[in-house]
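Engineer: With the input below, show me the fold.
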Amino acid sequence: LHHLDAALFGRGTVGPHLHSVLWLCALVASAALVFRRVLAAGAAAIALLLFVVDDGHALATIWIANRNALVAGTLSTLGLLLHLRWRESGDGWAAPASAACFAGALLAGEAALGGVAYLFAYELLSAKGSASSRLRAAAPVVCITAGWLAVYKWLGYGAASSTMYVDPFAQPSEWLANAVLRVPVLLGALTVGLPADAWTVSAQARGILAVAGLLGTGAVAMVVRSAWPTLDSDMRRHVKWLAAGAALAVLPVTSIFPSSRLLVLPSLGSAAVLAIVLQHLWRERGLSAKRFALSSFGALLVLFHGVLAPASWLGFTFLLKAGEARADRIQTALHEELDPATVPLQRVVTLWSDPFGFMTTGAQWRLRTGVDPRAWWVLSTAPGDQVFTRTGPGTLELELAQGRLLQSDTETGFRPPTRALGLGDRITLGTGLSVDIIAADAQGIQRVRFTFDAPLEDPSLVLLEWREGVLRRLTPPAIGTRWTLTPPPLL
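Structural biologist: This next block holds a predicted model:
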């Protein structure tokens, strides 16, 4: 689909954004059909409204690179709708159509596993018929998923050796350890609008987020239990699998750190559950202490899901636009510092970079100029002041003013503790750089030495550092010089 964007719109962004909006519309339409089929009219309308404004859809729509979540979500939801049509209405043609939709969803992205989770929950908890008939009904999609997973692993897709992305098959113990905190945070985002993206802001707050998620999910579950006797048997049957499916759909996305953008498919079931909750709380409103508490809880749910969630669309848009403007400033400065005619013969050395610049600056340079340097090395992404010392013609040493190297989320995302480096270890890159660990203690790495295959003044090396919010060429200082690089604000 991105190739299609390029063919139709070139490097313009308006067309690709409209393309993503079309997928969002298709997702909403598919969800509307599911809600209409399984919920009463009032609950279906509320669920659809909550689903439309859910902040979990914002980044997937605004960020073109995350469109795959919309594609996987749309095809999965269509697959569920067709599966329901087959199982509930007996339309035989819908069975192969459903399987085809799930196959397409899995090709779009791993997020489609959440759709498979809903189908599994439906057949396990709510489908009519014997256990054997339900097993046979689930078998086509289960087999497709198993085949997809086998090919996925055989071809080497997915991430490995990272604390940011944890493979539950290759790293089961690490995945479970992460899930203890990540699952409650994501459930809290679904139920009470917990800001899952706050996970990346403060490592110290993650435990608080997880506890808040558990408490919020528990509160919603208690209201559902109170509302249960007021639902007819068919509504109960469907709410049961939607709630279980939403919870199960969270599990595949706990392989990465919590973020609202992971909740495109889990929000399908949570919207239905919240619709039941809000309807019940409205009916139970009153001035007694108990009813006032319930009404207050309902008002909070409306605030978080009905007001703050749609407002977050504007927030995410602002952040991405600010990031785009920052990237443009960086690229403009780089065009002043680097010559596309000579860059293919040079190695570019960025002394420090934030995570976003680390991942995108080189790629954006390639996209805009069509040329690559021989190498593009980023010496550090650690937070805090970076203390550099030039110790020789072609050597730099780095330590942090506070803390240790290779301990932040960004750093362990590329070098996990299970592959930690220690005193005396050396990493050698074939393009002319070796890295030695020259000081370490029980807390971690204190100092590293970077040894280049040429003096820093050699034309084949270009050193870049941050000045005034952009990357500028650094004139190599004299041997023995020690200086501190203070990372600039992210935006």
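Engineer: ok, the residue nearest to residue 170 when sequence neighbours are not counted to residue 153 distance?
Structural biologist: Of all residues not flanking residue 170 in the chain, residue 160 sits nearest, at 6.1 Å (Cβ to Cβ, 6 or more residues apart in numbering). Where you see a C-beta, it was placed from the backbone N, CA and C, and this is true even at glycine. Separation of residue 160 from residue 153 (Cβ to Cβ, to the nearest Å) stands at 11 Å.
Engineer: Over to residue 345?
Structural biologist: For residue 345, the distance to residue 153 - Cβ to Cβ - is 40 Å.
Engineer: now residue 315
Structural biologist: Taken as Cβ to Cβ, the span from residue 315 to residue 153 is 37 Å.
Engineer: SS state for residue 466?
Structural biologist: Following DSSP: H, G, I helix; E, B strand; the rest coil, the label given to residue 466 is strand.
Engineer: Quick one, grab the pLDDT at it.
Structural biologist: Residue 466 is assigned 90 on the pLDDT scale.
Engineer: Over to residue 491?
Structural biologist: So, for residue 491, pLDDT stands at 66.
Engineer: that older thread, the residue nearest to residue 170 - that's part of a strand, no?
Structural biologist: No - per three-state DSSP, residue 160 lies outside any strand segment and is coil.
Engineer: Hmm, it is touching residue 167, no?
Structural biologist: Yes - Residue 160 lies in contact with residue 167 (Cβ atoms under 8 Å); the separation is 6.0 Å.
Engineer: Looking at the two, which has the bigger crowd around it?
Structural biologist: Neighbours were counted for residue 160 and for residue 167 using other Cβ atoms under 10 Å; residue 167 has more, 16 against 11.
Engineer: worst-scoring helix or strand of this structure, pLDDT-wise?
Structural biologist: helix 2-9 (a mean of 84; mean pLDDT, DSSP states H and E).
Engineer: Report the mean per-residue pLDDT for the very next helix or strand once past that one.
Structural biologist: Counting by DSSP states H and E, the next helix or strand C-terminal to helix 2-9 is helix 14-38. The predicted model assigns helix 14-38 a mean pLDDT of 95.
Engineer: other SSEs contacting the helix or strand just after helix 14-38?
Structural biologist: Of the helices and strands lying after helix 14-38 in sequence (DSSP H and E), the nearest is helix 41-53. Helices and strands touching helix 41-53, by 3 or more Cβ pairs under 8 Å, 6 or more residues apart in numbering; DSSP states H and E, are helix 14-38, helix 266-283, helix 309-337.
Engineer: Go again with 7 Å.
Structural biologist: Judged by 3 or more Cβ pairs under 7 Å, 6 or more residues apart in numbering; DSSP states H and E, helix 41-53 is in contact with helix 14-38, helix 266-283.
Engineer: contacting residues around residue 92?
Structural biologist: When contacts are counted by Cβ atoms under 7 Å, 6 or more residues apart in numbering, residue 92 touches residue 86.
Engineer: Sorry, slip of the keys, the one I care about is residue 243.
Structural biologist: 269, 273.
Engineer: Report the separation between it and residue 269.
Structural biologist: Residue 243 is 6 Å from residue 269, where distance means Cβ to Cβ.
Engineer: Also residue 119?
Structural biologist: Here the criterion is Cβ to Cβ. By it, residue 119 lies 12 Å from residue 269.
Engineer: Any regions of this protein where pLDDT drops low?
Structural biologist: The chain contains residues with pLDDT under 70 at 491.
Engineer: circling back to that earlier point, can you pull the phi/psi pair for the residue nearest to residue 170?
Structural biologist: Here is the backbone geometry of residue 160 (degrees, to the nearest 10): phi -150, psi 160.
Engineer: Next: the one 10 residues further on.
Structural biologist: According to degrees, to the nearest 10, the main-chain angles of residue 170 amount to phi -80, psi -30.
Engineer: swap in residue 127?
Structural biologist: According to degrees, to the nearest 10, residue 127 has phi -70, psi 150.
Engineer: Work out for me the element the residue nearest to it when sequence neighbours are not counted sits within.
Structural biologist: Leaving aside its sequence neighbours, residue 127 sits nearest to residue 134 (Cβ to Cβ, 6+ apart; 4.9 Å). Here residue 134 sits within helix 131-154, counting by DSSP H and E.
Engineer: who does that helix touch, helix- and strand-wise?
Structural biologist: helix 94-108, helix 113-125.
Engineer: one more time with 10 Å, if that's ok
Structural biologist: Contacts defined by 3 or more Cβ pairs under 10 Å, 6 or more residues apart in numbering; DSSP states H and E place helix 131-154 against helix 67-89, helix 94-108, helix 113-125.
Engineer: Please put the alpha-carbon coordinates of the second one into PDB.
Structural biologist: The C-alpha trace of helix 94-108 is given here as PDB (Å, rounded to 0.1, in the frame of the first residue of the first chain):
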ATOM      1  CA  ALA A  94     -19.500 -16.200   4.800                       C
ATOM      2  CA  ALA A  95     -17.200 -18.900   6.200                       C
ATOM      3  CA  PRO A  96     -14.500 -18.800   3.400                       C
ATOM      4  CA  ALA A  97     -14.900 -15.100   3.100                       C
ATOM      5  CA  SER A  98     -14.200 -14.700   6.800                       C
ATOM      6  CA  ALA A  99     -11.100 -16.900   6.600                       C
ATOM      7  CA  ALA A 100      -9.900 -14.800   3.600                       C
ATOM      8  CA  CYS A 101     -10.300 -11.600   5.600                       C
ATOM      9  CA  PHE A 102      -8.300 -13.000   8.500                       C
ATOM     10  CA  ALA A 103      -5.600 -14.100   6.100                       C
ATOM     11  CA  GLY A 104      -5.400 -10.600   4.700                       C
ATOM     12  CA  ALA A 105      -5.400  -9.100   8.100                       C
ATOM     13  CA  LEU A 106      -2.400 -11.200   9.200                       C
ATOM     14  CA  LEU A 107      -0.500 -10.200   6.100                       C
ATOM     15  CA  ALA A 108      -1.200  -6.600   7.100                       C
END
